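**Q** turn this into a model:
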Amino acid sequence: MESHLIARMAFDVLGGLGIFLLGMKNMSEGMQAVAGSRMRKLINAITGNRFVACGVGALITSIIQSSSVTTVMVVGMVNAELMTLAQAIGVILGANIGTTITAWILVLNVSKYGLPLLGLSALVFLFTKRERLRYIATAFLGLGMVFFGLELMARGFSPLRDIPEVLAWFSRFTPDTLEGIIKCVLVGTVITAIVQSSSATVGITMGLASTGIIDYLTAGALILGQNVGTTITALLASLGASTNAKRAAYAHTLLNILGVIWVIAVFPWYMKGVVWFVGIDPQTAVYTETAVTYPHTLKAIAATHSGFNLLNVILFLPFTTLMARFLMKIAPEKQIRVPHLTILDVRMLDAPAIGIQQSQKEILRMSSTVANMLSIFRDLLSGKGSAEQQQEILFKSETDLDVIQKEIVEFISTIISGRVSN
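**A** Numbering: from 1, shown residues only. Presented below is the predicted three-dimensional model:
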């Protein structure tokens with residue numbers, strides 16, 4: 001094989017992946033900025049109702065376009081004791097549904113419009129003076145990059161279909177046996193754990209399937225593994241967090257692993273069910289003057305991804321309280337806990353709108369503390385109560401307020417680099 005062809009394929013795939021990931025980031029930040037106030041309302045809507053928590057998780061992830069960001073944010077909120085473990089499990093289940101939106105976006109047959117959309121959005125972003133319009137342009141800029149990146153990856157993968165050695169290597173991961181299914185699941189898990197973006201690996205899988213390098217069954221098994229691999233982000237975020245936050249991360253991993261296990265057990269029937277639902281054979285080829293593609297495979301892959309997560313929600317949502325109790329038993333609370341003066345958490349930095357809301361709550365708590373100090377000071381001047389005890393409370397409160405102010409300033413200084421709506 002000629003070296004220049006190998007270089008071209010490598011450049012297309014690597015460049016496409018980089019543009020795809022950057023597009024996901026821009027789309028996420030733009031959507032967060034536009035819908036920041038709605039996201040804050042959604043977070044406040046979380047109650048003990050597991051269905052509400054699941055719906056909030058799905059909506060927030062649909063806005064953010066990243067289940068990893070949502071689950072990391074959930075770990076942070078559990079760590080700050082703003083959310084119970086049972087609520088967190090409901091949000092995580094909803095996040096698994098919301099993340100499937102990305103695959104359906106990729107199904108849209110508009111990849112050829114990715115570059116024009118990117119260029120037009122960039123012009124709007126550069127020349128508009130309206131802040132909200134800039135955020136909307138950022139979201140569409142990201143969307144254009146996602147489509148263009150996917151097109152580049154598909155173009156880079158296309159020549160591989162004519163190389164017998166490559167096809168022979170991929171044939172080792174055909175899910176026609178239980179061992180083959182598990183191999184594909186493990187490959188999807190490992191790659192997603194390395195990339196730390198299930199959206200990216202789903203995009204790569206779709207690129208391989210649309211060019212015929214892998215078939216629909218292989219793509220489906222890879223998708224199952226990618227649902228497990230994406231949990232590594234929350235596990236890493238839980239390092240150094242409270243025991244309850246670790247339980248939230250464990251819940252994400254446990255839910256997805258259990259879901260993959262039962263789907264593996266019925267894999268052939270599940271995949272046939274998806275094909276029946278889609279109504280078109282995913283392996284139907286479409287011939288053009290320049291290439292052979294399999295566009296129906298993309299729709300089937302998206303349906304496989306959505307079906308897996310929807311069925312898991314139906315299966316596990318009624319047992320969120322039971323699962324919370326189970327996690328409390330296998331991860332008992334440590335006796336020594338590090339005290340904290342604020343609920344602010346670096347895990348909130350990926351969702352600036354919600355981080356700002358938490359900062360506001362801390363400032364209001366400071367004002368309440370100051371009002372209480374003034375009340376104590378009035379009592380001290382009028383001679384009410386124990387002067388020594390009142391002075392001790394005042395000095396301690398003053399020291400705590402200094403620390404809280406420092407934490408808030410540092411947190412806001414870091415978060416201000418993100419795109420935050422008014």
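**Q** how near is Trp276 to Trp269?
**A** 10 Å (CB to CB, to the nearest Å). In this view, the C-beta of every residue, glycine as well, is placed from N, C-alpha and C.
**Q** oops, could you answer that again for Ser359 instead?
**A** On the measure of CB to CB, Ser359 and Trp269 end up 50 Å apart.
**Q** so which of those two has more stuff around it?
**A** Ser359 (20 against 10; other CB atoms under 10 Å).
**Q** just the element for that one, please.
**A** Assigned by DSSP states H and E, Ser359 belongs to helix 352-382.
**Q** can you name every helix or strand that that helix contacts?
**A** For helix 352-382, the packing partners by 3 or more CB pairs under 8 Å, 6 or more residues apart in numbering; DSSP states H and E come out as helix 3-34, helix 36-44, helix 387-415.
**Q** format those helices as CSV; extra columns: mean neighbour count, mean pLDDT and distance to Ser197.
**A** What follows is these, written out as CSV (neighbours: other CB atoms under 10 Å; pLDDT from 0 to 100; distance: least, CB to CB, whole Å):
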stretch, mean neighbour count, mean pLDDT, distance to Ser197
helix 3-34, 18, 76, 6
helix 36-44, 17, 65, 21
helix 387-415, 14, 76, 22
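**Q** three-state assignment of Asp281?
**A** coil (DSSP: H, G, I helix; E, B strand; the rest coil).
**Q** leaving out chain neighbours, which residue sits closest to the spatially most central residue of the chain?
**A** Centroid-nearest residue in the chain: Ser67, 1.9 Å away (criterion: CA atoms, centre = their mean). Distances taken as CB to CB, 6 or more residues apart in numbering place Thr99 nearest to Ser67, at 3.6 Å, with adjacent residues excluded.
**Q** tell me the confidence at the one you found?
**A** pLDDT for Thr99: 84.
**Q** likewise for Val185?
**A** 91.
**Q** my read: it touches Val228, true?
**A** Yes. The pair Val185 and Val228 passes the contact test of CB atoms under 8 Å, sitting 7.3 Å apart.
**Q** so which of the two has more stuff around it?
**A** Val185 (26 against 23).
**Q** mind listing what the more buried one touches?
**A** Val185 makes contacts with 221-222, 224-225, 228, 260, 264, as judged by CB atoms under 8 Å, 6 or more residues apart in numbering.
**Q** turn the residues you listed into a markdown table, including pLDDT, distance to Ala331 and secondary structure.
**A** Compiled in a markdown table, the contacts of Val185 are given as follows (pLDDT from 0 to 100; distance: CB to CB, whole Å; DSSP: H, G, I helix; E, B strand; the rest coil):
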| residue | pLDDT | distance to Ala331 | secondary structure |
| --- | --- | --- | --- |
| Ala221 | 91 | 30 | helix |
| Leu222 | 90 | 30 | helix |
| Leu224 | 92 | 26 | helix |
| Gly225 | 90 | 25 | helix |
| Val228 | 90 | 19 | helix |
| Val260 | 93 | 21 | helix |
| Ile264 | 93 | 26 | helix |
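**Q** between the residues you listed, which is closest to Val78?
**A** Distance to Val78, by CB to CB, is smallest for Val228 among the contacts of Val185, at 21.0 Å.
**Q** what's the spacing between the closest one and Leu374?
**A** Using CB to CB, we find Val228 at a distance of 54 Å from Leu374.
**Q** now do the strands in the stretch 151-300 of the chain.
**A** 286-287, 292-293 (DSSP state E, counting those that start in this stretch).
**Q** next, count neighbours for the residue nearest to Ala154 when sequence neighbours are not counted.
**A** Leaving aside its sequence neighbours, Ala154 sits nearest to Gly207 (CB to CB, 6+ apart; 4.5 Å). Other residues near Gly207 number 27, with proximity taken as other CB under 10 Å.
**Q** do Gly57 as well
**A** Here the count is done by other CB under 10 Å, and Gly57 has 30 residues near it.
**Q** show the contacting residues for it.
**A** Gly57 neighbours (CB under 8 Å, 6+ apart): 70, 74, 90-98.
**Q** packing partners for the helix or strand harbouring Thr321?
**A** Following DSSP H and E, one finds Thr321 within helix 320-330. Contacts defined by 3+ CB pairs under 8 Å, 6+ apart place helix 320-330 against helix 50-64, helix 85-98, helix 243-265.
**Q** quick one, which of those helices is nearest to Leu108?
**A** Nearest to Leu108, of those and by CB to CB, is helix 50-64 at 15.4 Å.
**Q** go through that closest one and flag the buried ones.
**A** For helix 50-64, the neighbour count (16 or more other CB atoms under 10 Å) marks 50, 52-64 as buried.
**Q** and that helix, how far out from the chain middle?
**A** 12 Å (CA atoms, centre = their mean, to the nearest Å).
**Q** show the subsequent helix or strand relative to that helix.
**A** The element immediately downstream of helix 50-64 (helix or strand, assigned by DSSP H and E) is helix 67-79.
**Q** C-alpha coordinates for that next one, CSV please?
**A** Output in CSV follows, covering the C-alpha atoms of helix 67-79 (Å, rounded to 0.1, in the frame of the first residue of the first chain):
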residue,chain,number,x,y,z
SER,A,67,-23.5,12.3,29.5
SER,A,68,-20.0,12.5,30.9
VAL,A,69,-20.4,16.1,31.9
THR,A,70,-23.8,15.4,33.4
THR,A,71,-22.6,12.5,35.5
VAL,A,72,-19.5,14.4,36.7
MET,A,73,-21.8,17.3,37.6
VAL,A,74,-24.0,14.8,39.5
VAL,A,75,-21.0,13.5,41.4
GLY,A,76,-20.1,17.1,42.3
MET,A,77,-23.6,17.8,43.6
VAL,A,78,-23.8,14.6,45.6
ASN,A,79,-20.3,15.5,47.0
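**Q** any idea how far Ile136 is from Phe148?
**A** Distance, Phe148 to Ile136, using CB to CB: 19 Å.
**Q** in terms of neighbours, single out the busier of those two.
**A** Phe148 (24 against 19).
**Q** does the more buried one touch Ile19 like I think?
**A** Yes. Using CB under 8 Å, Phe148 is in contact with Ile19, at 5.9 Å.
**Q** and Thr84, how many neighbours?
**A** For Thr84, using other CB under 10 Å, the count is 19.
**Q** and what of Ile363?
**A** When neighbours are counted by other CB under 10 Å, Ile363 registers 13.
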